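S.K.: below are the sequence and a predicted model for it; my questions follow.
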Amino acid sequence: ICGRCRALKQITQTSSRGAKPAAYLNLLADLLHNFTDGLALGVSFGKGHGLSTTLAVFFHEVPHNIADFAILIKNGFSRTTALRAQWCSALGCFLGCLAGLKMKDMSGISGFVAGGFIYIATVDIVPLMLQEPGIGLPMLFEVIAMALGVAMNIAMLHLEHSVPGACAH
């Protein structure tokens, strides 16, 4: 066993003995999620329009990682171990970014990445909205917030194309 594997094994054995399986499932899902974010960043920067993707990923990841941290603590991790585990899962973003930079010229890769984000939205967010009783102010607020997010991304894309030197094409 290499030194890194031995250190990771020691960390998980000594500091998360009471951790529930949900914590580990959350870490695995977060690792894959971060890989997808990195893939989006790599493809975007490879094609010359990474600013809007960076801002979108940043504003998405801050609350997402705070929630993941809370999930890990609630499921038996100590604060230190949860922070270390979150840091390790964040390394998936770097791997995804490297893969995205390598695959930037691949036909359909942008559509694949965008489809992944649309899938997450439709599978995770829309069902939660539909669980709320009745169609009222909370649902209207959520729809407006989603539309505002789309509008902000469109505005950032438009800004990138209007600033000289900000876009490679």
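M.R.: Structure's in. What do you need? Numbers count the residues shown, from 1 in each chain.
S.K.: helices and strands of this structure: which one bottoms out on pLDDT?
M.R.: Least confident helix or strand of the chain, by mean pLDDT, DSSP states H and E, is helix 3-15 with a mean of 53.
S.K.: which SSE is immediately downstream of that helix?
M.R.: As assigned by DSSP states H and E, the chain's next helix or strand after helix 3-15 is helix 21-47.
S.K.: who are the packing partners of that following helix?
M.R.: Counting by 3 or more Cβ pairs under 8 Å, 6 or more residues apart in numbering; DSSP states H and E, the packing neighbours recorded for helix 21-47 are helix 50-74, helix 79-102, helix 109-120. (C-beta placed from N, C-alpha, C; glycine too.)
S.K.: now do the last one against helix 50-74, angle only.
M.R.: Here helix 109-120 points in a direction 40 degrees away from that of helix 50-74 (axes from the mean of the first three to the mean of the last three Cα atoms, to 10 degrees).
S.K.: which strands or helices does helix 109-120 pack on?
M.R.: If contacts are counted by 3+ Cβ pairs under 8 Å, 6+ apart, helix 109-120 sits against helix 21-47.
S.K.: for the helix it packs on, buried residues please.
M.R.: Counting neighbours by 16 or more other Cβ atoms under 10 Å, one finds that the buried residues in helix 21-47 are 23-24, 26-27, 30-31, 33-47.
S.K.: and it, how far out from the chain middle?
M.R.: In terms of Cα atoms, centre = their mean, to the nearest Å, the centre of helix 21-47 is set 5 Å apart from its chain centre.
S.K.: sticking with Pro133, tell me its helix or strand.
M.R.: No secondary structure element spans Pro133, as it lies outside all helices and strands (assigned by DSSP H and E).
S.K.: check it and give its pLDDT.
M.R.: Per-residue pLDDT puts Pro133 at 71.
S.K.: burial count for it?
M.R.: Counted with other Cβ atoms under 10 Å, the neighbours of Pro133 add up to 7.
S.K.: cool, and the one 4 residues further on?
M.R.: When counting by other Cβ under 10 Å, one arrives at 8 neighbours for Leu137.
S.K.: could I get the helices and strands packed on helix 21-47 as TSV with mean neighbour count?
M.R.: Putting those into TSV (neighbours: other Cβ atoms under 10 Å) gives the following:
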stretch	mean neighbour count
helix 50-74	16
helix 79-102	17
helix 109-120	14
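S.K.: so for Ile154, which of these sits nearest?
M.R.: With Cβ to Cβ as the measure, helix 50-74 is the member of those nearest Ile154 (8.8 Å).
S.K.: what is that closest one packed up against?
M.R.: With contacts defined as 3+ Cβ pairs under 8 Å, 6+ apart, helix 50-74 has these neighbours: helix 21-47, helix 79-102, helix 137-162.
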